[in-house]
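Pasted the sequence and its predicted model underneath.
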Amino acid sequence: MSAAPHPVWRSGLFVPVNVERFLAKASERGADAIQLDLEDSISPADKPDARRKVEAAVARLRREGRSDVL
């Protein structure tokens, strides 16, 4: 049994999961990987809301684009 090869990413895009205007355009940017940010770009007061949005954001980005979603 051989292990699956690791993906090779040439580019990555960090997107705050709670900012709709960034999320809406993320899959159009052509990045190999989209990293949904839950830390640095989100204020402490907004973190609970951002965490609730992760599952829907992942499903949306997978539906809309070809990028790996992290």
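Okay, I see it. What you see is a predicted model; the values in this text were computed from it and never measured.

now for the longest helix along the chain, which elements pack on it?
Determined from DSSP state H, the single longest helix within the chain is helix 47-64. Helices and strands touching helix 47-64, by 3 or more CB pairs under 8 Å, 6 or more residues apart in numbering; DSSP states H and E, are helix 20-26, strand 33-37, strand 68-69. Using the backbone N, CA and C atoms, a C-beta is placed for each residue, glycine as well.

Hmm, Ala24 and Ala57 touching each other?
No. Using CB atoms under 8 Å, Ala57 is not in contact with Ala24, being 10.6 Å away.

rewinding a little: tabulate the helices and strands packed on helix 47-64 (CSV), appending distance to Ser43.
Formatted as CSV, the helices and strands packed on helix 47-64 follow (distance: least, CB to CB, whole Å):
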stretch, distance to Ser43
helix 20-26, 15
strand 33-37, 12
strand 68-69, 23
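
okay, which residue is most central for the chain?
Compute the mean C-alpha point of the chain, and by CA atoms, centre = their mean the closest residue is Leu36, 3.3 Å away.

Identify the bridge partners of it.
Following DSSP bridges, Leu36 is listed with bridge partners Val15.

contacting residues for it?
Leu36 sits next to 15, 17, 54, 57-58, 61, 69-70 when contact means CB atoms under 8 Å, 6 or more residues apart in numbering.

Of those, keep whichever come out buried.
Buried residues within the contacts of Leu36, counting neighbours by 16 or more other CB atoms under 10 Å: 15, 17, 57, 61, 69.

residues of the longest helix of the chain that come out buried?
Within helix 47-64, the residues scored as buried using 16+ other CB under 10 Å are 50, 53, 57, 60-61.

one step back: check the helices and strands packed on helix 47-64 for me and report the most buried one.
Most buried of those by mean neighbour count (mean count of other CB atoms under 10 Å) is strand 33-37; its value is a mean of 19.

Output that one as PDB, restricted to C-alpha atoms.
The C-alpha trace of strand 33-37 is given here as PDB (Å, rounded to 0.1, in the frame of the first residue of the first chain):
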ATOM      1  CA  ALA A  33      -5.000  26.600  -1.300                       C
ATOM      2  CA  ILE A  34      -7.500  28.800   0.700                       C
ATOM      3  CA  GLN A  35      -6.800  29.000   4.400                       C
ATOM      4  CA  LEU A  36      -9.800  30.100   6.400                       C
ATOM      5  CA  ASP A  37      -8.500  32.300   9.100                       C
END
